[in-house]
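Student: here is the input, now give the coordinates:
(one chain, ligands or ions: 1)
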Amino acid sequence: MKEINVAVTGGAGQIAYSLLPRLISGETFGENTKVNLRLIEIPQVLEKLEGTIMELIDCGFKQMGSLIATADIKEGVKDADWVLLVGSIPRGIVIDGKKIEERSDLLKINGGIFTDQGSAIGKYAKPNAKILVVGNPANTNALIGMNQANNSSQQWFAMTALDANRAKAQLATKAGVDISDVTNMAIWGNHSPTMYPDPYNALINGVSAAEVINDKEWIENSYLPLVQQRGKAVIDARGASSAASAANAAIDTVKSVDNPTEKGDCFSAAIASNGSYGVPKGLIFGYPLRTNLDGSVEIIQDIKINEFAQSKINSTTEELLSEREAVKDLLI
Ligand SMILES: NC(=O)c1ccc[n+]([C@@H]2O[C@H](COP(=O)([O-])OP(=O)(O)OC[C@H]3O[C@@H](n4cnc5c(N)ncnc54)[C@H](O)[C@@H]3O)[C@@H](O)[C@H]2O)c1
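Tutor: Okay, here's the model as predicted:
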C-alpha cells in the first residue's frame, strides 16, 4: 500500500469530527493508500482530541496508518503531503475580556496563528505539499501562511468548495434538475458574503444555468444572497457553524486537486492570483480551476465575464485588498 502523511489543525473541532474518518476510510485518497494522520491542536484541547482518536481507532479502517496528536506544529507538519488548516479562533470568542466581533480583529488574531503555521509548513512539510485553508477568514489566512512558508514548490488553496456546492444545490432545486446536472460552478473571490457564485457560466445539462432558469430577478436578488449568506443561515438555525458540509467540501477539494478534472468542467478553490481576470497578483482569489493530467492546477482562462459579474468581481477584489492591508504587518 502507498502511504501518505496528512496533517490537520483543529483536530478536536467540529469540522474535524466529520472530516477525519473520511480521510482514513479510503474515500479521499483511495482504497490502496494508507493515511498517517497528524492531528494538531492547542495544548488545552489535547485531552479532548484523545477522545476523537479513540473513535478513529474504533472505526477500524484498513487505510488508517499511524496517528499522532500534538500541539507542536513543526512535529505535526513534518513530511506532510497534505496539510488541512482547519483550526482557528471563531468570531464571538472572548480574549483578554474582549469579545472578538470585528472581522479586522479576527483577521489579526487568526493571522498570528497562520504566520507560525505557514513558516513551519514551508520548512518541514514535503516540497510538493498541498495546503488547504478552511479556517476563516480563509483567503487571507492562506495569504499569510503562503507568504510565511515562502516555498514556491508547495501549493496553497483556500476553500470555496462549500460555496460551490451550496450554489449548485440552489440552482438544481430552482431548475428542478438533479444536482449532478449542474457543472462548471465557479466561486469568484473571497469566501465571504462578497463572493460571486457565477450563475451565467454554470451549466445545467450543458446550457447556461441563468438561461435555463430565465429569471433575472431571482438570480440577482434571491439566489446570490441565499448562497452568500448560507453560512449565517446555518449558524442561526443550528447554533453552530456548518460542519458536515464543510468537511465534505474539504474532501471534495482534496479529491479535485489530486485527480484530473473532467473534460469541460471546473472545480472551485481560491489560489494565488497570477493576474488572471485583472485580479492583483498574489491575492488568494477564488477562481474556476482545472487539474491537468500531469497533476498541475491551472486557472481556467477566457471565461466570459458580463458587466454584472465584473461589478461583483470588483467588490470581492476590493474586500480582499482591504483584508490584505489589515494584515500587511504579517506578510513578508
Ligand atoms: N471555508 C469554509 O467554507 C468554512 C466553512 C465552515 C467553517 N469554516 C471555518 O472553519 C474553522 C473551524 O470550524 P469548526 O466549526 O471546526 O470550529 P471549532 O471551534 O469547532 O474547532 C476549531 C478548532 O481549532 C482549534 N484551534 C484553534 N487554534 C488552533 C491552533 N493554533 N492550532 C491548532 N488548532 C487550533 C480549536 O482548539 C478548536 O478545537 C472556523 O474558522 C470556521 O469559520 C470555514
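
Student: so for the residue in the stretch 1-150 of the chain positioned nearest to the ligand, what's the pLDDT?
Tutor: Nearest residue of the stretch 1-150 of the chain to the ligand: residue 13, at 2.1 Å (C-beta to the nearest ligand atom). C-beta: built from backbone N, CA, C; applies to glycine. Turning to residue 13, the model gives it a pLDDT of 94.

Student: tell me the residues of the stretch 51-200 of the chain that contact the ligand?
Tutor: Taking C-beta under 6 Å from any ligand atom as the criterion, the stretch 51-200 of the chain approaches the ligand at residues 86-90, 113, 134-136, 138, 159, 162, 191.

Student: sort the residues you listed by pLDDT and name the bottom one.
Tutor: For these, the least confidently modelled position is residue 90, at 70, judged by pLDDT.

Student: isn't that one right up against residue 240?
Tutor: No. In this structure, residue 90 is not within contact of residue 240 by C-beta atoms under 8 Å, at 9.6 Å.

Student: more neighbours, the two?
Tutor: residue 90 (14 against 10; other C-beta atoms under 10 Å).

Student: quick one: residues contacting the more buried one.
Tutor: Contact partners of residue 90, counting by C-beta atoms under 8 Å, 6 or more residues apart in numbering, are residue 241.

Student: element containing it?
Tutor: Secondary structure from DSSP states H and E places residue 90 outside every helix and strand.

Student: list the buried ones in the top helix by length along the chain?
Tutor: Taking residue count as the measure and DSSP state H as the definition, the longest helix of the chain comes out as helix 103-124. Taking 16 or more other C-beta atoms under 10 Å as the neighbour-count basis, helix 103-124 is seen to contain the buried residues 103, 105-107, 110-111, 113-115, 117-122, 124.

Student: give the rounded mean pLDDT of the next helix or strand after it.
Tutor: Along the chain past helix 103-124, the next helix or strand (assigned with DSSP H and E) turns out to be strand 130-133. When pLDDT is averaged along strand 130-133, the result is 98.

Student: toward the C-terminus, what is the element adjacent to strand 130-133?
Tutor: Moving toward the C-terminus from strand 130-133, the next helix or strand (DSSP H and E) is helix 138-149.

Student: next, the angle from that next one to helix 103-124.
Tutor: Comparing the axes of helix 138-149 and helix 103-124 via axes from the mean of the first three to the mean of the last three C-alpha atoms, to 10 degrees yields an angle of 40 degrees.

Student: now for the residue of the stretch 1-150 of the chain closest to the ligand: which residues touch it?
Tutor: 86, 87.

Student: can you start the count at 8 instead of 1 from here on
Tutor: Fine by me, first position is 8 from now on; the one you just mentioned is residue 20.

Student: what residue ranges in this protein score low on pLDDT?
Tutor: Low-confidence regions of the chain, defined by pLDDT under 70, span residues 99.

Student: list the contacts of the residue most central in space within it.
Tutor: Taking C-alpha atoms, centre = their mean, the centroid of the chain lies closest to residue 166, which sits 1.4 Å from it. Contact analysis of residue 166 by C-beta under 8 Å, 6+ apart lists 139, 140, 141, 145, 198, 253, 256, 257, 260, 276, 277.

Student: what about the closest residue to it other than its chain neighbours, neighbour count?
Tutor: Nearest residue to residue 166 in three dimensions, chain neighbours excluded: residue 141, at 4.9 Å (C-beta to C-beta, 6 or more residues apart in numbering). When counting by other C-beta under 10 Å, one arrives at 30 neighbours for residue 141.

Student: same question for residue 156.
Tutor: By the measure other C-beta under 10 Å, the count of residues near residue 156 is 24.

Student: could you do residue 314 as well?
Tutor: Residues near residue 314, counting by other C-beta under 10 Å, number 7.

Student: returning to that earlier point: distance of the residue of the stretch 8-157 of the chain closest to the ligand relative to residue 47?
Tutor: Distance of residue 20 to residue 47, given as C-beta to C-beta, to the nearest Å: 11 Å.

Student: joint contacts of these two?
Tutor: Between them, residue 20 and residue 47 share these contacting residues under C-beta under 8 Å, 6+ apart: residue 94.

Student: break the chain into its domains for me.
Tutor: Per automatic domain parsing, the structural domains of the chain span 9-165, 168-335.

Student: who in the stretch 208-339 of the chain is up against the ligand?
Tutor: Within the stretch 208-339 of the chain, the positions near the ligand by C-beta under 6 Å from any ligand atom are 248, 249, 250, 253, 256.
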